[in-house]
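Trainee: predicted model, plus sequence, below.
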Amino acid sequence: WVSTLIMSWGVWAGWQSPSADPPSPLSPRVVVARVRSAAGSLVARLAQGTRYQPLAAEADIFSSDRIVAFPNASLRSKNGRLTLSFPGDLEGNAPMPIYDTAIILHPAEAVDLDVNLQCGRLLLENTAPEGSATCRLRFWNQTWTIALESPETQVLIDLSSRWPAGTRFQPRKAETPGTPAPIASAQLLLLKGQATVDVGGVALAMSAPPGPAELRWSSLHAPPRVPRKLESLPAWADLSRPRTPQARARAEGWDRLRQLFVREPDQALLRFAQSREPLLRLIALQAAQALDDREQLERTLTAPSTQEEWDLCVTLLRHWIARQPDHDQLLYDFLITQKQYTSAEGRIFLQLLLGFSEDDLNQAETYQVLLDYLTHEKATLRNLAAWHLLRLLPEARRFPYKPDGSREDAQRTREQWKHLLPPSALPPPLKDW
C-alpha cells in the first residue's frame with residue numbers, strides 16, 4: 001500500500017457476482033407489485049437508465065427496475081399476499097451499517113414475490129387473508145425461499161457489504177477467481193410467527209423468540225445450516241418501540257425530502273444539500289449515495305460544511321464502492337472522466353477510501369505519506385488523508401483541521417501534526433481500529 005501511494009505521489013509531484021440471477025436486459029418488463037406508501041417514498045430507475053423518478057401512491061412497480069426506498073416506504077405484491085416494508089435504520093443502532101435500501105423485483109414464478117435485495121433492510125409480512133405466503137429472496141450470490149407460514153408472520157432482513165481493510169485498488173481489474181471483492185454479510189430475523197427458509201435446498205424451520213429465529217450469512221463462509229435460537233428479540237429489531245427524538249427528527253427530514261422529490265425530482269437533493277439545517281444536509285448526502293449521485297458526494301468532500309458532514313461523506317463513499325464489486329472502478333472512471341483527476345490522483349482517492357491493513361499500520365511510512373498528502377492541491381485528497389490521520393492519531397485533535405479550509409490551512413496543520421509523529425515513529429496502538 002505504501003509503495004503504491006508513494007509512486008502515485010511521485011507522479012503527482014475469490015470473486016463471485018453479488019447479484020443472484022440479475023434480470024436480463026431482454027426480459028419483459030411486467031407489473032409485479034404496487035406502491036403501498038406515500039408518493040415519493042419509492043423511486044425507480046430503468047434497468048439501463050441513470051435517472052430516478054418518484055413513484056406515485058398506488059403506482060405499479062415493474063420488474064427489472066431498480067427501486068430505492070426511503071425510510072418507511074412499503075409495497076405489496078401483485079396478488080396482495082406479501083407486503084414489503086423498508087423501515088431503514090432511523091435509530092442508527094443496527095448491528096451492521098444500513099445507509100440505504102435498494103431492490104430489483106423479478107416476475108413471480110411459483111412464489112408470491114421475487115426480490116433481489118441489493119443492499120439495506122427490508123421487512124417481509126404475510127398479508128394474505130389465510131395460509132402461507134412465499135418470497136424468493138436473492139442477494140449477492142444467494143437465492144433463498146422464505147415461506148411465511150401464517151398471516152401476520154414477519155421477517156426482517158439486513159444486508160451490508162464492505163471492502164477488506166487494505167485492499168489494493170486495481171484499475172481495470174478482471175472479474176476472475178481470486179480478484180479482490182467486497183465482503184457481504186446478511187442477517188435474517190423472524191420477528192413474529194413461524195417460517196421455513198430454504199437455503200441451498202436445505203429447509204430450515206424457524207419460529208419467533210423464544211425459538212430458532214436467526215440466520216446469519218457471510219460471503220466468506222458456507223451458507224447457514226442451523227437457525228440460531230433467541231430468547232427474545234434484540235432491542236434494535238423491536239420495530240414497535242417508540243422512536244427516540246433523534247429518530248423522529250430523521251423521519252421528519254426524510255418525509256420532507258420525499259415531498260420535495262415528488263415536486264422537484266431534479267432539484268430536491270441540491271436544495272437539501274444547500275439547506276441551513278444541518279440534519280437536512282446529512283439526509284441529502286445519504287440520499288445522494290443511495291441514488292448514485294457521485295457528483296454531490298465528491299463536491300461535498302471538497303469542502304464539507306461541518307465535521308459531521310465530512311465524516312458521513314467519507315463513510316458513504318466507502319459504503320458506495322462496496323455495494324457492488326465494480327463500484328470502485330465506476331468511481332475511479334467518474335473521477336477521471338468527469339472531474340478531471342489524473343490517473344494517479346484517482347488511484348490515490350480510491351486507495352484512501354479502501355483504507356489500511358494491519359501491516360500498513362505497522363509501517364511508519366504510511367503515516368508520513370498521509371501527512372504529505374495534506375499538502376496536495378486536491379482538497380478531496382487532503383480531506384481523505386486527514387480523515388484517516390485523526391482516527392489513527394487521536395492526539396492530532398489538539399490541532400484542529402479545517403475540511404473546508406485552504407491548502408495553506410492544511411499545510412499549517414500538517415506542521416503541527418508532524419511534531420506528534422516523527423518520521424520513524426509509530427502512533428500509540430488503537431484499541432478499536
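Mentor: Sure, I can see it.
Trainee: so in the chain, which helix runs the longest?
Mentor: helix 245-263 (DSSP state H).
Trainee: helices or strands up against it?
Mentor: strand 53-54, helix 268-273, helix 278-290 (3 or more CB pairs under 8 Å, 6 or more residues apart in numbering; DSSP states H and E). Backbone N, C-alpha and C define where each C-beta goes, glycine included.
Trainee: pLDDT of it, averaged?
Mentor: Mean pLDDT, computed over helix 245-263, is 97.
Trainee: now swap in stretch 319-327 and tell me
Mentor: 94.
Trainee: now that stretch - C-alpha only, PDB.
Mentor: Below are the C-alpha coordinates for stretch 319-327, written out as PDB (Å, rounded to 0.1, in the frame of the first residue of the first chain):
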ATOM      1  CA  HIS A 319     -20.000   2.200   1.600                       C
ATOM      2  CA  TRP A 320     -20.900   3.000  -2.100                       C
ATOM      3  CA  ILE A 321     -17.700   1.400  -3.500                       C
ATOM      4  CA  ALA A 322     -18.600  -1.800  -1.600                       C
ATOM      5  CA  ARG A 323     -22.200  -2.100  -2.800                       C
ATOM      6  CA  GLN A 324     -21.000  -3.900  -5.900                       C
ATOM      7  CA  PRO A 325     -17.600  -5.300  -6.900                       C
ATOM      8  CA  ASP A 326     -17.300  -2.900  -9.800                       C
ATOM      9  CA  HIS A 327     -18.300   0.300  -7.900                       C
END
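Trainee: off-centre distance for it?
Mentor: 8 Å (CA atoms, centre = their mean, to the nearest Å).
Trainee: what residues sit buried inside it?
Mentor: Buried residues in stretch 319-327, counting neighbours by 16 or more other CB atoms under 10 Å, are found at H319, W320, I321, A322, R323, Q324, P325, H327.
Trainee: take those and keep only those in helices.
Mentor: H319, W320, H327.
Trainee: winner for burial among the helices and strands packed on helix 245-263?
Mentor: Of these, the one with the most neighbours on average (mean count of other CB atoms under 10 Å) is helix 278-290, at a mean of 22.
Trainee: got the helices and strands packed on helix 245-263 as CSV, with mean pLDDT and distance to G80 columns?
Mentor: Formatted as CSV, the helices and strands packed on helix 245-263 follow (pLDDT from 0 to 100; distance: least, CB to CB, whole Å):
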stretch, mean pLDDT, distance to G80
strand 53-54, 96, 23
helix 268-273, 95, 31
helix 278-290, 97, 28
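Trainee: residues making contact with the helix or strand hosting L317?
Mentor: Assigned by DSSP states H and E, L317 falls within helix 307-320. By CB atoms under 8 Å, 6 or more residues apart in numbering, the residues outside helix 307-320 that reach it are 97, 99, 162-163, 278, 281-282, 285-286, 288-289, 292, 294, 297, 300-301, 304, 327, 331, 353-355, 383-384, 387, 403.
Trainee: next, the buried residues of that helix.
Mentor: Buried residues in helix 307-320, counted by 16+ other CB under 10 Å: E309, W310, D311, L312, C313, V314, T315, L316, L317, R318, H319, W320.
Trainee: do stretch 345-361 as well
Mentor: For stretch 345-361, by 16+ other CB under 10 Å, it's 345-357, 360-361.
Trainee: contacting residues for L156?
Mentor: R121, L122, L123, L124, L188, L189, L191, A237, L239.
Trainee: quick check: closest non-adjacent residue to it.
Mentor: L189 (4.6 Å; CB to CB, 6 or more residues apart in numbering).
Trainee: for the one you found, grab the count of nearby residues.
Mentor: Counted with other CB atoms under 10 Å, the neighbours of L189 add up to 24.
Trainee: which elements pack onto the one helix or strand it maps to?
Mentor: Using DSSP H and E, the element containing L189 is strand 183-192. The contact analysis (3+ CB pairs under 8 Å, 6+ apart) places strand 183-192 against strand 142-148, strand 154-162, strand 211-218.
Trainee: now that strand, how far from the centre of its chain.
Mentor: Worked out by CA atoms, centre = their mean, strand 183-192 lies 15 Å from the chain centre.
Trainee: that strand pairs with which strands?
Mentor: With DSSP bridges as the test, strand 183-192 is paired with strand 154-162 (antiparallel), strand 211-218 (antiparallel).
Trainee: would you confirm that L392 contacts P427?
Mentor: Yes - counting by CB atoms under 8 Å, P427 is a contact partner of L392 at 5.9 Å.
Trainee: anything in contact with each of these two?
Mentor: Joint contacts of L392 and P427 (CB under 8 Å, 6+ apart) are Y367.
Trainee: when the two are compared, which one has more neighbours?
Mentor: With neighbours defined as other CB under 10 Å, L392 and P427 compare such that L392 has more, 19 against 16.
Trainee: in stretch 255-267, what counts as buried?
Mentor: Residues D255, R256, L257, R258, Q259, L260, F261, V262 are the ones in stretch 255-267 that count as buried (16+ other CB under 10 Å).
Trainee: alpha carbons only: can I get it in CSV?
Mentor: Only the C-alpha atoms of stretch 255-267 are listed here, as CSV (Å, rounded to 0.1, in the frame of the first residue of the first chain):
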residue,chain,number,x,y,z
ASP,A,255,-40.5,12.8,4.7
ARG,A,256,-39.7,16.4,3.7
LEU,A,257,-37.3,15.1,1.1
ARG,A,258,-39.9,12.7,-0.1
GLN,A,259,-42.4,15.5,-0.6
LEU,A,260,-39.9,17.8,-2.4
PHE,A,261,-38.7,14.9,-4.6
VAL,A,262,-42.3,14.5,-5.8
ARG,A,263,-42.5,18.2,-6.8
GLU,A,264,-38.9,18.8,-8.0
PRO,A,265,-37.1,15.4,-8.6
ASP,A,266,-34.2,17.2,-10.4
GLN,A,267,-33.6,19.8,-7.7
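Trainee: tell me the one of the contacts of L156 nearest I336?
Mentor: R121 (33.5 Å; CB to CB).
Trainee: the closest one: how many residues sit nearby?
Mentor: What R121 shows, counting by other CB under 10 Å, is a neighbour count of 23.
Trainee: what about it, which SS state?
Mentor: strand (DSSP: H, G, I helix; E, B strand; the rest coil).
Trainee: beta-bridge partners for it, please?
Mentor: Under the criterion used (DSSP bridges), R121 bridges to D158.
Trainee: am I right that it is in contact with A94?
Mentor: Yes - between R121 and A94 a contact is recorded at 7.1 Å, counting by CB under 8 Å.
Trainee: if I look at D409, how far off is L117?
Mentor: To L117, D409 is 43 Å away according to CB to CB, to the nearest Å.
Trainee: the two - which one has more neighbours?
Mentor: When D409 and L117 are compared on other CB under 10 Å, the one with more neighbours turns out to be L117, at 22 against 16.
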